[in-house]
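Colleague: curious how this folds, go ahead:
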Amino acid sequence: MSAFDPRLYLVTMRYDFGAEELLRRVEAAVRGGVTMVQLREKEIEAAEFYQLAVQMRELTSKLGVTFWINDRVDIALAVEADGIHVGQSDLPANAVRKIIPRNMLLGVSAKTPEDARRAEADGADCLGSGAVFPTTTKVTPELGTQRLAEIKAAVKIPVVAIGGINAENAKYPLSCGVDGIAVVSAIMKAQDPCAAARELRTIVDNQHQFIF
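Modeller: Sure, this is the predicted structure:
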């Protein structure tokens, strides 16, 4: 398994891209500085999700970044993903931990410090917290930076901020001390995903140097 590095977490969305273009964009983003990739597919059948996951598993292994599956524990197991991420309305984290291999990473969504502490106790390896800012990829109330800071302070495991984050506003969640940022459209819809990732990675690394 590749080293777990939460600094710049790419969550995929296909928009109107085909599989080939999706893979091309993900590869470009990783070469620009993305450290983790999550395959998130809400609208496709399991067989298509599996085939795409097989291709993404091969690509991320070649590039040396951890590969995560959103929600679908069965597909994560089938393709031997590095991690599985579940939300508060998915299979509970403690149940997921019972059925995945010991070396498979477990990510959990956390919107409150209570969610965060429970996820950590249930065996989570990292948390995704958001939406920090308004986002078009998921309808959810804004978390805000104050609550994000409270979540970060509540646990010892890494916390990654997500939701509406881009190069213009990334400094705000990073100033809360989070371990990384997760982005979707800021990279997936960029004209140059490599350049977009490089810019975000520079912001993350500079902010981490300042904080830590």
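
Colleague: where's A161, which helix or strand?
Modeller: Element membership of A161 [criterion: DSSP states H and E] is strand 159-162.

Colleague: in the following helix or strand past that strand, which residues are buried?
Modeller: Sequence-wise, the next helix or strand downstream of strand 159-162 (DSSP H and E) is helix 171-174. Of all the residues in helix 171-174, those buried under the rule 16 or more other C-beta atoms under 10 Å are Y172, P173, L174. No exception for glycine: its C-beta is placed from N, CA and C like everyone else's.

Colleague: can I get the residues you listed in TSV with distance to M56 and pLDDT?
Modeller: As requested, those are exported to TSV (distance: C-beta to C-beta, whole Å; pLDDT from 0 to 100):
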residue	distance to M56	pLDDT
Y172	30	95
P173	26	96
L174	27	96
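
Colleague: what is the nearest of these to L106?
Modeller: Taking C-beta to C-beta as the measure, L106 lies nearest P173 of those, at 21.9 Å.

Colleague: do I have it right that that closest one meets I181?
Modeller: Yes - if you go by C-beta atoms under 8 Å, P173 and I181 touch, sitting 6.1 Å apart.

Colleague: and for the two, which residues touch both?
Modeller: Counting by C-beta atoms under 8 Å, 6 or more residues apart in numbering, the contacts common to P173 and I181 are A161, I165.

Colleague: returning to that earlier point: okay, the buried residues of helix 171-174 in a markdown table with distance to A161 next?
Modeller: Formatted as a markdown table, these follow (distance: C-beta to C-beta, whole Å):
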| residue | distance to A161 |
| --- | --- |
| Y172 | 9 |
| P173 | 4 |
| L174 | 8 |
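
Colleague: return the closest of those residues with respect to W68.
Modeller: The closest of the buried residues of helix 171-174, once distances to W68 are taken by C-beta to C-beta, is P173, at 19.4 Å.

Colleague: what's near enough to touch the closest one?
Modeller: So P173 contacts V132, T145, L148, A161, I165, I181 (C-beta under 8 Å, 6+ apart).

Colleague: please name the nearest non-neighbouring residue to it.
Modeller: A161 (3.7 Å; C-beta to C-beta, 6 or more residues apart in numbering).

Colleague: for the one you found, give me its contacts.
Modeller: By C-beta under 8 Å, 6+ apart, the neighbours of A161 are S129, G130, V132, L148, P173, L174, C176, V178, G180, I181, A182.

Colleague: would you mind checking the average pLDDT for the helix or strand where V204 lies?
Modeller: V204 is part of helix 193-211 when elements are defined by DSSP H and E. Here helix 193-211 scores 89 as its mean pLDDT.

Colleague: just the C-alphas of it, formatted as CSV.
Modeller: Extracted C-alpha coordinates of helix 193-211, given in CSV (Å, rounded to 0.1, in the frame of the first residue of the first chain):
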residue,chain,number,x,y,z
PRO,A,193,-5.8,19.6,-13.7
CYS,A,194,-2.1,19.3,-13.2
ALA,A,195,-1.6,23.0,-12.8
ALA,A,196,-4.7,23.3,-10.6
ALA,A,197,-3.3,20.5,-8.3
ARG,A,198,0.1,22.1,-8.3
GLU,A,199,-1.3,25.4,-7.1
LEU,A,200,-3.4,23.8,-4.4
ARG,A,201,-0.5,21.6,-3.2
THR,A,202,1.7,24.7,-2.9
ILE,A,203,-0.9,26.5,-0.8
VAL,A,204,-1.3,23.4,1.5
ASP,A,205,2.4,22.9,1.9
ASN,A,206,3.1,26.6,2.6
GLN,A,207,0.3,26.8,5.1
HIS,A,208,1.4,23.6,6.9
GLN,A,209,5.0,25.1,7.1
PHE,A,210,3.5,28.2,8.7
ILE,A,211,1.3,26.3,11.2
